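Chemist: got a structure for you, letters missing:
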């Protein structure tokens, strides 16, 4: 699964803040919904990581 920052912003998972600087700079921070999603996904990723030797067909998520 690949998601772009724009998609995350459009789904209200991150907030984008652009700065009028040279070179240009943009910061992304988690929204409340993004943090809730992270908290829901983290146990699944931990479960998968603990079983990676027994479940080689599961793709490692970085």
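Modeler: Received, thanks. In this text the structure is predicted, and so the values were computed from the model without any measurement.
Chemist: Check the chain for me, the residue farthest from its geometric middle.
Modeler: With distances taken as CA atoms, centre = their mean, the residue sitting farthest from the centre of the chain turns out to be residue 22, at 27.0 Å.
Chemist: For that one, what is the enclosing helix or strand?
Modeler: According to DSSP states H and E, residue 22 maps onto no helix or strand at all.
Chemist: Which residue ranges of this structure form helices?
Modeler: Counting by DSSP state H, the chain has helices at residues 5-10, 32-50.
Chemist: Which among these is found nearest to residue 16?
Modeler: Nearest to residue 16 among the helices of the chain is helix 5-10; the distance by CB to CB comes to 5.1 Å. Heads up, the C-betas are built off the backbone N, CA and C, glycines and all.
Chemist: Residue 31 - how many residues pack around it?
Modeler: Applying other CB atoms under 10 Å, we find 16 other residues in the vicinity of residue 31.
Chemist: ugh, wrong one, residue 52
Modeler: 11.
Chemist: closest to residue 18 out of the helices of the chain?
Modeler: With CB to CB as the measure, helix 5-10 is the member of the helices of the chain nearest residue 18 (11.3 Å).
Chemist: Next, give phi and psi for the residue farthest from the centre of the chain.
Modeler: Main-chain dihedrals, residue 22, degrees, to the nearest 10: phi -120, psi 120.
Chemist: how close does the most centrally placed residue in the chain get to residue 24?
Modeler: What sits nearest the mean C-alpha location of the chain, by CA atoms, centre = their mean, is residue 38, with 7.1 Å. Distance, residue 38 to residue 24, by CB to CB, to the nearest Å: 27 Å.
Chemist: give me the low-pLDDT residue ranges for the protein?
Modeler: 1, 53-62 (pLDDT under 70).
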